[in-house]
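**Q** Sequence unavailable; structure follows:
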């Protein structure tokens, strides 16, 4: 069972890591003439990079950081390692696992998988991912922990792997759909100082692939979102493949739909080839859909056009996924809302930057080889004196995609109909088509193809933006190396950081640099004494890691880095199990804070308001975590981390 679990995760990784981008946008070195390399639009020059506290060569020695107040933990390479190892002076406790009761009437998780889909609707979903903490007004010891459940690991409902060659039982499909989505749970600090769940809280809530959601923004009611089941194009059933998150200044949770394309199929080869909204996003076109073959039991996941049905049947159903979904955690009756002004792609996050004057930007990565970095700038401004009035700000604004120029400058390219060549003549009849096919629009305007953009994080004081580029082992002729993506066969990834002109979230120009290249230290040698190739060496000042994925800042300005790689791969042997690290943005020193069980991904971070409690997610762990008995099926688990002396995490 556990081996099947690992094989299934590997198959998902293979589907998610496929290059779809057909564009031939030039390398950054080709974008600038010699004159333009010296004189940039908006007056930005290389001198503008001075805000970065020195280049990579200015890294200080380990131990110099005033921010990192803990001793790093060693790598763990034991193939049977099945626990969480955290820094000395801290403890990590399993807090919330797949199948735990959430809503009233939910049964306890059944290790024999006998729970049906109706039970799963009320229990914690699978594969915990992005997560945020929402404090109650005026309270520091009580709040709502809200987290994504990205996908499911079969066997969710039996001891057997899914046989995609046969029609799926509807009961199994429903259970898998119920295990997707979001959990909202109330937590509080007890009299003994320990955080615990509030089991009977009226705020506890499950949102799944079966939850009705309102469609808002430019595509609400548009014919491109109409189906035979929803001829109005105003309500969609469910959210899927929820990866990273965001928060709004008015206290709502943003969940982002990432690899939704793996749930759909279009068997009509001619239609598929001509339909940009399917082909450019990589829907399956033969056999079954790439993940679970839901379409064999639930027809809305079969996007093959049916001329005998209104609106072509479910040909538009994939158009209803790939969005940012806004959820009010404090109103259990509020319907989630899909905000179409953000644009549609394989979105990793919606990281907020809030200016002093209320202007906002939400940064996102599109996690596939050769895809792009985006930001959405609402037209209106946040009014702190009247936060409720901001509820519709996410329905109007401008979607931008980034171009990283070779001299350290950057440009935000507006994805707006009628601008930058986005016209009917180029295949974009209106702004609706631009947003629906944001990837194709980004191809056209000349965005920079990146090494699988993952999460973004915004520094709480400087508003510097950090973006994780997890890896890309497939850079080829269509994706040549450049200054932002400098390594061919890039197995270890990198982190970029940039600052908007004037620290203005709505600026259209920025300065950027490589914060670090992940991988081995320069001059390292493998077990046979051979020099490690250049594509495996990095610039890390401190503890080594590969494949940066999740990023988050705490309130003190520490950058927390989470990793996701196959820890059984030869190139990752020295990295050990996946890990949580912490970096000082000024000194660039990196220390390893936590190591997870074999086969897991460390993802999702949230803090209590005083910074003395931190929650992290252990996704798709191997062996038998958290039971640790070598037999019980592994469960994705949220871990509570506290300091033994009651102090601030990381200090």
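**A** Okay, I see it. Computed from a predicted model, the values in this text were never measured in an experiment. Numbering: from 1, shown residues only.
**Q** pretty sure residue 130 is in a strand, no?
**A** Yes. Secondary structure of residue 130 (DSSP: H, G, I helix; E, B strand; the rest coil): part of a strand.
**Q** How many residues are close by the nearest residue to it once chain neighbours are set aside?
**A** Computed as C-beta to C-beta, 6 or more residues apart in numbering, the closest residue to residue 130 that is not its neighbour in sequence is residue 245, at 3.6 Å. To be clear about C-beta, it is placed using only N, CA and C from the backbone, and glycine gets the same treatment. Per other C-beta atoms under 10 Å, the neighbour tally for residue 245 reads 28.
**Q** Also residue 154?
**A** If you count neighbours by other C-beta under 10 Å, residue 154 ends up with 18.
**Q** OK, contacts around the residue nearest to residue 130?
**A** 130-132, 146, 148, 253-256, 349-350, 604 (C-beta atoms under 8 Å, 6 or more residues apart in numbering).
**Q** again, but for residue 292
**A** 152, 154, 162, 164, 168, 173, 176, 263.
**Q** Among those residues, name the buried ones.
**A** Listed as buried from the contacts of residue 292 are 152, 154, 162, 168, 173, 176, 263; burial here means 16 or more other C-beta atoms under 10 Å.
**Q** Among these, which pair sits farthest apart?
**A** Spatial extent of the buried ones among the contacts of residue 292 (C-beta to C-beta) is set by the pair 154 and 263 at 14.2 Å.
**Q** still on that earlier bit, SS state for the residue nearest to residue 130?
**A** Under three-state DSSP, the three-state class of residue 245 is strand.
**Q** Going along the chain, name the helices of this protein.
**A** Assigned helices in the chain, in chain order: 2-16, 34-38, 117-120, 170-178, 269-274, 276-279, 431-436, 438-445 (criterion: DSSP state H).
**Q** averaging pLDDT over each of those helices, which comes out lowest?
**A** Among the helices of the chain, helix 34-38 has the lowest mean pLDDT, at a mean of 32.
**Q** Excluding sequence neighbours, find me the nearest residue to residue 380.
**A** residue 393 (4.6 Å).
**Q** residues in contact with that neighbour?
**A** Taking C-beta under 8 Å, 6+ apart as the criterion, residue 393 is in contact with 360, 378-382.
**Q** Just name the closest of the residues you listed to residue 283, please.
**A** residue 378 (30.1 Å).
**Q** so what's that closest one up against?
**A** Listed by C-beta under 8 Å, 6+ apart, the contact partners of residue 378 are 341, 360, 393-394, 396-397.
**Q** Please report how far it lies from residue 391.
**A** Using C-beta to C-beta, to the nearest Å, we find residue 378 at a distance of 11 Å from residue 391.
**Q** do the same with residue 583
**A** Residue 583 is 35 Å from residue 391, by C-beta to C-beta.
**Q** Residue 288 now?
**A** Residue 288 is 40 Å from residue 391, by C-beta to C-beta.
**Q** So for those two, which residue has more residues nearby?
**A** residue 288 (21 against 14).
**Q** Tally up the residues packed near residue 167, please.
**A** The local packing of residue 167 (other C-beta under 10 Å) involves 13 other residues.
**Q** give the contact list for it.
**A** By C-beta under 8 Å, 6+ apart, the contact list for residue 167 reads 296-297.
**Q** What is the distance between stretch 557-566 and the centre of its chain?
**A** Distance of stretch 557-566 from the chain centroid (C-alpha atoms, centre = their mean, to the nearest Å) equals 12 Å.
**Q** Can you point out the buried residues in it?
**A** By 16+ other C-beta under 10 Å, the buried positions in stretch 557-566 come out as 558-566.
**Q** Reformat the residues you listed as TSV; add pLDDT and distance to residue 432.
**A** As requested, those are arranged in TSV below (pLDDT from 0 to 100; distance: C-beta to C-beta, whole Å):
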residue	pLDDT	distance to residue 432
558	98	41
559	98	37
560	98	38
561	98	37
562	98	35
563	98	38
564	97	34
565	96	38
566	94	39
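**Q** Which ones among these map onto strands?
**A** Among those, the members falling in strands are 559-563 (criterion: DSSP state E).
**Q** Would you format those as CSV with distance to residue 502 included?
**A** Formatted as CSV, those follow (distance: C-beta to C-beta, whole Å):
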residue, distance to residue 502
559, 22
560, 27
561, 28
562, 31
563, 33
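**Q** among those, which two are most distant?
**A** Farthest pair in these (C-beta to C-beta) is 559 and 563. Separation: 13.5 Å.
**Q** just the strands in the stretch 151-300 of the chain please.
**A** Remark: strands assigned in the stretch 151-300 of the chain by DSSP state E, counting those that start in this stretch are 181-189, 195-197, 205-207, 212-216, 235-237, 242-247, 253-257.
**Q** In TSV: those, plus distance to residue 283.
**A** Listed next are the strands of the stretch 151-300 of the chain as TSV, based on distance: least, C-beta to C-beta, whole Å:
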stretch	distance to residue 283
strand 181-189	21
strand 195-197	39
strand 205-207	24
strand 212-216	20
strand 235-237	17
strand 242-247	18
strand 253-257	14
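**Q** out of these, which comes closest to residue 574?
**A** So among the strands of the stretch 151-300 of the chain, strand 242-247 is nearest, using C-beta to C-beta, at 27.3 Å.
**Q** relative to strand 253-257, how tilted is that closest one?
**A** 150 degrees (axes from the mean of the first three to the mean of the last three C-alpha atoms, to 10 degrees).
**Q** Okay, now the sheet partners of strand 242-247, with direction.
**A** Take DSSP bridges as the rule and strand 242-247 pairs in its sheet with strand 253-257 (antiparallel).
**Q** what about residue 156, distance to residue 182?
**A** Relative to residue 182, residue 156 is positioned 17 Å away (C-beta to C-beta).
**Q** how close does the closest residue to residue 134 other than its chain neighbours get to residue 581?
**A** Spatially, and ignoring its direct neighbours in sequence, residue 134 is nearest to residue 144 (4.5 Å; C-beta to C-beta, 6+ apart). Taking C-beta to C-beta as the measure, residue 144 falls 27 Å from residue 581.
**Q** Which residue of those two possesses the greater neighbour count?
**A** Higher neighbour count among residue 144 and residue 581: residue 581, with 25 against 22, using other C-beta under 10 Å.
**Q** Residue 568 versus the closest residue to that one other than its chain neighbours, what's the distance?
**A** In space, not counting the residues next to it along the chain, residue 581 is nearest to residue 561; the distance is 4.5 Å by C-beta to C-beta, 6+ apart. Counting by C-beta to C-beta, the gap from residue 561 to residue 568 is 21 Å.
**Q** swap in residue 371?
**A** Going from residue 371 to residue 568 by C-beta to C-beta gives 26 Å.
**Q** can you check residue 195 too?
**A** Where residue 568 is concerned, residue 195 sits at a distance of 34 Å (C-beta to C-beta).
**Q** out of the two, which sits in the busier spot?
**A** Just comparing residue 195 and residue 568: by other C-beta under 10 Å the higher neighbour count belongs to residue 195, 20 against 13.
**Q** dump the residue contacts of that one.
**A** Contacts for residue 195 (C-beta under 8 Å, 6+ apart) come out as 95, 187-189, 608, 613, 640, 642.
**Q** avg pLDDT for stretch 451-458?
**A** For stretch 451-458, the mean pLDDT works out to 97.
**Q** Residue 520 contacts residue 536, correct?
**A** Yes. The pair residue 520 and residue 536 qualifies as a contact (C-beta atoms under 8 Å) at a distance of 5.2 Å.
**Q** Need the residues touching each of these two.
**A** Common contact partners of residue 520 and residue 536 (C-beta under 8 Å, 6+ apart): residue 492.
**Q** list the buried ones in stretch 481-490?
**A** Residues 481-487, 489-490 are the ones in stretch 481-490 that count as buried (16+ other C-beta under 10 Å).
**Q** Repeat that for stretch 491-508.
**A** 491-501, 503-508.
**Q** so where's the stretch 101-250 of the chain shaky on pLDDT?
**A** 158-160 (pLDDT under 70).
**Q** Could you do the stretch 501-650 of the chain as well?
**A** Within the stretch 501-650 of the chain, no stretch has pLDDT under 70.
**Q** Thanks a lot, see you next time.
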